[in-house]
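Chemist: What follows is a predicted structure for the sequence shown.
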Amino acid sequence: MVSFNASNYPFTTFYLTGIPGYEVVHHWISIPFCILYLVGIVGNCTILHIVRTDPSLHEPMYYFLAMLSLTDMGMSLPTLVSLFRVLWSISREIEFNTCVIQMFFIHTFSFTESAVLLAMAFDRYVAICHPLRYSTILTPQRIAKIGIAAFLRSAFCMIPLLARLPYFPFCRSHVLSHSYCLHQDMIRLACADTKFNVIYGLVLITVLWGFDSLGILVSYVFILRSVLSIASREERLKALNTCASHICAVLILYVPMIGLSIVHRFAKHASPLVHILMAHIYLLVPPVLNPIIYSVKTKQIRRGVIRLFAPKRICSNL
């Protein structure tokens, strides 16, 4: 790994590592990353297009699904340019301001996605436990307010964390251990007291993710209680099947997110490859898998995908 210090490198610039030890094959490694980004962009844009153009999908569940697609892209797309600049050996430098903006979008949208998943759990709760009041509780105006509140909550919570970064001296090294900027990665390079950032970051993760995950858990407790009171086994399975895609989306976000946090805070001496692998899984797996899961598990979305991509003669048989 290349090392820089304040005496030979401008403090306003950082150096992105890429995948250490595999620099010779960076061009080949870029191929699977290119495929993942392409699948994620096409998949999420397809979901957004189908929800926007199909009037039958103008319902709360699909509005929240569109929000999930937006947050997926908001979390992964800010890393696209810097990642391929490194893998294609164009440049490994990134300006401090660009770095801070990048990490703002990455962390803000990751917290926003957690809030959207909580909103989707509430949507399933209302649909199953209060079906007659579904359309009156989750109106389009209320859904829009939920989406705006989810983003603003995440953005405002990130401001105190990132506002302190310009005041930190980075005198030891300017080499970041990824192909993009993460807050945990940058503060390890600061030659100052970073206790506030460390504690605030840990509290932020615990409170926001803890609140969202607890809300999701409580929603499913009520859902299960309501479903188990249904006499027909087929109706119980049908009700639970509407939650399957959402449960998968929750696991896809939370498992890599928790894993990345644990690795950054408690496995600092682990191989750099472990840190890099976890970071890329955290950013790329949800945008890639969520559209696939919802396209497979949700009949209306699946029909929309077939209508969009299949020949007309196949669509006429749907």
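Modeler: Looks like it came in fine.

Chemist: Now do the strands in this protein.
Modeler: 13-16, 93-95, 175-176 (DSSP state E).

Chemist: want to try JSON lines for the ones you listed, with distance to residue 245 as columns?
Modeler: Yep, even glycine has a C-beta here, placed from its N, CA and C like the rest. Formatted as JSON lines, the strands of the chain follow (distance: least, C-beta to C-beta, whole Å):
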{"stretch": "strand 13-16", "distance to residue 245": "35"}
{"stretch": "strand 93-95", "distance to residue 245": "36"}
{"stretch": "strand 175-176", "distance to residue 245": "35"}
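
Chemist: CSV please, covering the ones you listed and showing mean pLDDT and distance to residue 106.
Modeler: Supplementary listing: the strands of the chain in CSV, determined by pLDDT from 0 to 100; distance: least, C-beta to C-beta, whole Å:
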stretch, mean pLDDT, distance to residue 106
strand 13-16, 88, 14
strand 93-95, 90, 13
strand 175-176, 86, 13
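
Chemist: Dump the ones you listed into JSON lines; add distance to residue 239 and mean neighbour count as well.
Modeler: What follows is these, written out as JSON lines (distance: least, C-beta to C-beta, whole Å; neighbours: other C-beta atoms under 10 Å):
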{"stretch": "strand 13-16", "distance to residue 239": "47", "mean neighbour count": "20"}
{"stretch": "strand 93-95", "distance to residue 239": "48", "mean neighbour count": "17"}
{"stretch": "strand 175-176", "distance to residue 239": "47", "mean neighbour count": "20"}
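
Chemist: Which parts of the stretch 1-150 of the chain are helices?
Modeler: 26-53, 60-76, 80-87, 96-129, 134-137, 140-163 (DSSP state H, counting those that start in this stretch).

Chemist: Could you find the closest non-adjacent residue to residue 71?
Modeler: Counting by C-beta to C-beta, 6 or more residues apart in numbering, residue 113 is the residue found nearest to residue 71 once chain neighbours are left out, at 4.1 Å.

Chemist: can you list the weak-confidence ranges in the stretch 151-300 of the chain?
Modeler: Scanning the stretch 151-300 of the chain for pLDDT under 70 picks out 231, 264-270.

Chemist: so how far is residue 304 from residue 55?
Modeler: According to C-beta to C-beta, to the nearest Å, residue 55 stands 12 Å off from residue 304.

Chemist: Settle it for me: which of these two has more neighbours?
Modeler: residue 304 (22 against 7; other C-beta atoms under 10 Å).

Chemist: Could you double-check that that one lies in contact with residue 57?
Modeler: Yes. Using C-beta atoms under 8 Å, residue 304 is in contact with residue 57, at 7.1 Å.

Chemist: Identify the contacts common to those two.
Modeler: residue 50 (C-beta atoms under 8 Å, 6 or more residues apart in numbering).

Chemist: Now residue 279: closest residue in space, sequence neighbours ignored.
Modeler: residue 178 is the one closest to residue 279 (C-beta to C-beta, 6+ apart), at 5.3 Å.

Chemist: who touches the one you found in this structure?
Modeler: Residue 178 neighbours (C-beta under 8 Å, 6+ apart): 16, 17, 185, 275, 276, 279.

Chemist: how deep is the third one tucked in, by neighbour count?
Modeler: Residue crowding around residue 185 was assessed by other C-beta under 10 Å; the count is 20.

Chemist: Equivalent analysis for the fifth one, please.
Modeler: The tally of other residues near residue 276 (other C-beta under 10 Å) stands at 18.

Chemist: quick one: it and residue 98, what's the gap?
Modeler: Counting by C-beta to C-beta, the gap from residue 276 to residue 98 is 20 Å.

Chemist: Could you tell me the model confidence score at residue 3?
Modeler: Among the per-residue scores, residue 3 shows a pLDDT of 41.

Chemist: circling back: make a markdown table out of the helices of the stretch 1-150 of the chain and add mean neighbour count.
Modeler: Formatted as a markdown table, the helices of the stretch 1-150 of the chain follow (neighbours: other C-beta atoms under 10 Å):
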| stretch | mean neighbour count |
| --- | --- |
| helix 26-53 | 16 |
| helix 60-76 | 24 |
| helix 80-87 | 20 |
| helix 96-129 | 21 |
| helix 134-137 | 13 |
| helix 140-163 | 15 |
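
Chemist: do you know which of those lies nearest residue 238?
Modeler: helix 96-129 (10.2 Å; C-beta to C-beta).

Chemist: What is that closest one packed up against?
Modeler: In terms of contacts (3 or more C-beta pairs under 8 Å, 6 or more residues apart in numbering; DSSP states H and E), helix 96-129 is packed against strand 13-16, helix 60-76, helix 134-137, helix 140-163, helix 183-187, helix 195-228, helix 233-266, helix 272-297.
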